[in-house]
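K.L.:
no FASTA, just this:
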């Protein structure tokens, strides 16, 4: 899979032979790839049951076997096996094992990795050149092996007003591993698919608004969107410096905590991360199975009012379990002004995108368009492939703005969006003395549709995303056999508490569904038969 495939944008076939086996033991370990954890893999490496090179080779082989159905990986690193071999040699010579020693990681392809340009899924950036993004340097310092780049919604879903999430010109259509005709959501779609299908130990995504937590929900994994400033934005293709952040996408809360520990920190080149210097260095220290006892949890029902009965049943079952685990559930709580966020947010994002992307392109070495205007022209010139599935209306609307962060209209929109978002969360958190606000993350995955685009019934990422606050989505069960996530949201820098609460819920409920790689979605539950929230492992 070296290089960049350019598959034609065709939905996954609804008539396929029996899907390949998803369950596969990592040789010598007794660990199934769909259940592998960082802790278990580290123990196997320490015991000599597997080498870093052997583990890396296993994941590369698994990608070659399964990813032709999933299109979750754009490219593989030609250096991964050599890097793993170097780790083995260092350990053999007596070097101390680091927190992610020998752990294979996939990186979303809007994040720079040396020798692998951050393309955002577009051939326009295939000739870009730069070294590792700051967070990738941190991962390497922690001992991680970079396997390659994960597919994504092209330009992180900020190109068209009617996009098909999970599709990029370079990567094709990423498919949901629970039903290949279903959308994996965006824009960290490849990262979500790869984590769910066990194509890497852990993966990294990015979010501006929903692009970590929504694919996590749709693919049935854990997604953690950190506080703005906890993880550096250096080396990431931008949408908005006011909202962009990278974060973990994993099969467990413990793995998300381990990955966040390695990624977080103060980057001198990114001033917004200065406050990260005062944050914990090891988030795995907050994995407390008893954390829900005595916790006060507020329920945001208004955000999921468009959900159908089977989806609401997932929320009700989750709330019942939270109460059984000792939480004081305040149901419902209002998030005042949450419905007012979207319009000023979008207005602000258009200006920020033009400003931030033009600055990024101007400083980016290599051969590529130098401005948003040149990108628009590139897409038109290559329209047969680049514009085959959806257009570039958002590019054009962004280009029509001033692109100035001193524009009074822009400043008013950004201020309005931020005020609404922070008041929506700060108010109920303080009034009800809450540890967190919980709600469903998003609707079950919709069908891949190249005619009408995404079918977004609801998603609840807005308040935390625009406020710059953390959120973590954990599997809560399923509706119609498709995963649904439960989000925990809190104030800035509340990752320790949110991780503890999410971990306690996860350990008690175990609601992650097993990917099937089936070709089509299961039939809906017959009338009168409710969905089965909490089904699965």
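P.N.:
Done, it's in. None of these values were measured; they are calculated from a predicted model.

K.L.:
isn't residue 349 right up against residue 238?
P.N.:
No. Under the criterion of C-beta atoms under 8 Å, residue 349 makes no contact with residue 238, lying 10.7 Å away. Where C-beta positions appear, they are placed from N, C-alpha and C, glycine not excepted.

K.L.:
sec struct for residue 139, please.
P.N.:
The three-state label given to residue 139 by DSSP: H, G, I helix; E, B strand; the rest coil is helix.

K.L.:
and the longest helix along the chain, how far from the chain's centre?
P.N.:
Criterion DSSP state H: the longest helix present in the chain is helix 408-431. Chain-centre distance of helix 408-431: 24 Å, with C-alpha atoms, centre = their mean, to the nearest Å.

K.L.:
whichever helix or strand comes after it pairs with which strands, and in what direction?
P.N.:
Proceeding N to C from helix 408-431, the next assigned helix or strand is strand 436-440, under DSSP states H and E. Sheet pairing of strand 436-440 (DSSP bridges) gives strand 296-299 (parallel), strand 482-489 (antiparallel).

K.L.:
picking up where we left off before, and the longest helix of the chain, which residues are buried?
P.N.:
By 16 or more other C-beta atoms under 10 Å, the buried positions in helix 408-431 come out as 410, 413-414, 416-426, 428-429.

K.L.:
give me the pLDDT value at the residue in the chain sticking out farthest from the centre.
P.N.:
Residue farthest from the centre of the chain, counting by C-alpha atoms, centre = their mean, is residue 93 at 36.5 Å. In this prediction, residue 93 carries a pLDDT score of 97.

K.L.:
just residue 511 next, same as before
P.N.:
Per-residue pLDDT puts residue 511 at 89.

K.L.:
quick revisit: now for the residue farthest from the centre of the chain: which residues touch it?
P.N.:
By C-beta atoms under 8 Å, 6 or more residues apart in numbering, residue 93 lies in contact with nothing.

K.L.:
before we move on, back to that, I'd like the mean pLDDT over the longest helix of the chain, please.
P.N.:
98.

K.L.:
which elements pack onto it?
P.N.:
Secondary-structure packing of helix 408-431 (3 or more C-beta pairs under 8 Å, 6 or more residues apart in numbering; DSSP states H and E): helix 342-363, strand 436-440, helix 462-467.

K.L.:
rewinding a little: tell me which of the strands paired with strand 436-440 is the most buried.
P.N.:
Mean neighbours per residue, mean count of other C-beta atoms under 10 Å, is largest over the strands paired with strand 436-440 for strand 482-489, with a mean of 29.

K.L.:
next SSE downstream of it?
P.N.:
Using DSSP H and E, the helix or strand that follows strand 482-489 in sequence is helix 495-509.

K.L.:
other SSEs contacting that following helix?
P.N.:
Helices and strands touching helix 495-509, by 3+ C-beta pairs under 8 Å, 6+ apart, are strand 222-225, helix 253-263, helix 309-324, strand 436-440, strand 471-479, strand 482-489.

K.L.:
now do that helix: distance to the chain's middle.
P.N.:
Remark: helix 495-509 is offset 18 Å from the chain centroid, using C-alpha atoms, centre = their mean.

K.L.:
would you indicate which residues of it are buried?
P.N.:
By neighbour count on 16+ other C-beta under 10 Å, the buried set for helix 495-509 is 495-507, 509.

K.L.:
ok, stretch 108-128 next?
P.N.:
Those would be 108-114, 116-125, 128, for stretch 108-128 by 16+ other C-beta under 10 Å.

K.L.:
quick one: low-confidence parts of the stretch 301-450 of the chain?
P.N.:
Counting by pLDDT under 70, the stretch 301-450 of the chain shows no low-confidence range.

K.L.:
got it, and the stretch 151-300 of the chain?
P.N.:
Regions of the stretch 151-300 of the chain meeting the criterion pLDDT under 70 are absent.

K.L.:
helices of that one, start to end?
P.N.:
For the stretch 151-300 of the chain, the helices defined by DSSP state H, counting those that start in this stretch occupy 189-196, 213-219, 253-263.

K.L.:
so which of those helices is nearest residue 471?
P.N.:
Among these, helix 213-219 comes nearest to residue 471, with 5.7 Å by C-beta to C-beta.

K.L.:
where's the residue most central in space within the chain relative to residue 46, distance?
P.N.:
Ranked by distance to the mean C-alpha position of the chain (C-alpha atoms, centre = their mean), the top residue is residue 212 at 2.7 Å. Between residue 212 and residue 46 the computed distance is 30 Å (C-beta to C-beta, to the nearest Å).

K.L.:
rewinding a little: redo the helices and strands packed on helix 495-509 as TSV? Include distance to residue 29.
P.N.:
TSV is the format used below for these (distance: least, C-beta to C-beta, whole Å):
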stretch	distance to residue 29
strand 222-225	22
helix 253-263	16
helix 309-324	31
strand 436-440	35
strand 471-479	24
strand 482-489	26
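
K.L.:
buried deepest among those, which one?
P.N.:
Most buried of these by mean neighbour count (mean count of other C-beta under 10 Å) is strand 222-225; its value is a mean of 33.

K.L.:
what's in contact with that one?
P.N.:
Outside strand 222-225, the residues that reach it (C-beta under 8 Å, 6+ apart) are 188, 192, 205, 207, 212-217, 245, 247-253, 255-256, 260, 461, 464-465, 470-475, 485, 495, 499, 502, 506.

K.L.:
switch the cut-off to 7 Å
P.N.:
Contact with strand 222-225 is made by 205, 207, 212-213, 215-216, 245, 247-253, 256, 260, 464-465, 470-474, as judged by C-beta atoms under 7 Å, 6 or more residues apart in numbering.

K.L.:
just checking: what are the partner strands of that strand?
P.N.:
Strand 222-225 has these strand partners (DSSP bridges): strand 245-250 (antiparallel), strand 471-479 (antiparallel).

K.L.:
quick one, the last one and helix 189-196 angle?
P.N.:
Strand 471-479 and helix 189-196 meet at an angle of 70 degrees, taking axes from the mean of the first three to the mean of the last three C-alpha atoms, to 10 degrees as the criterion.

K.L.:
and the first one, by the same measure?
P.N.:
Put simply, strand 245-250 runs at 30 degrees to helix 189-196, going by the same axes, to 10 degrees.

K.L.:
rewinding a little: out of the strands paired with strand 436-440, flag the one nearest residue 58.
P.N.:
Among these, strand 482-489 comes nearest to residue 58, with 25.1 Å by C-beta to C-beta.

K.L.:
want to throw the helices of the stretch 151-300 of the chain into TSV with distance to residue 383?
P.N.:
Shown next, in TSV, are the helices of the stretch 151-300 of the chain (distance: least, C-beta to C-beta, whole Å):
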stretch	distance to residue 383
helix 189-196	23
helix 213-219	27
helix 253-263	37
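
K.L.:
how about the contacts made by the residue nearest to residue 51 when sequence neighbours are not counted?
P.N.:
In space, and not counting its chain neighbours, residue 51 is closest to residue 88: 4.9 Å by C-beta to C-beta, 6 or more residues apart in numbering. By C-beta under 7 Å, 6+ apart, residue 88 lies in contact with 51, 52, 53.

K.L.:
list the buried residues in stretch 447-458.
P.N.:
Per 16+ other C-beta under 10 Å, stretch 447-458 contains these buried residues: 448, 453, 454, 456.

K.L.:
and if you look at stretch 369-384?
P.N.:
Neighbour counts over stretch 369-384 (16+ other C-beta under 10 Å) mark 369, 372, 375, 376, 378, 379 as buried.

K.L.:
so which of the helices of the stretch 151-300 of the chain comes closest to residue 156?
P.N.:
Nearest to residue 156 among the helices of the stretch 151-300 of the chain is helix 189-196 (10.2 Å), distances taken as C-beta to C-beta.

K.L.:
contacts for the closest one next, please.
P.N.:
For helix 189-196, the surrounding residues in contact (C-beta under 7 Å, 6+ apart) are 70, 72-73, 106, 108, 150-153, 165-166, 171, 174-177, 184-185, 200, 202-205, 215-216, 218-221, 249-251, 515.
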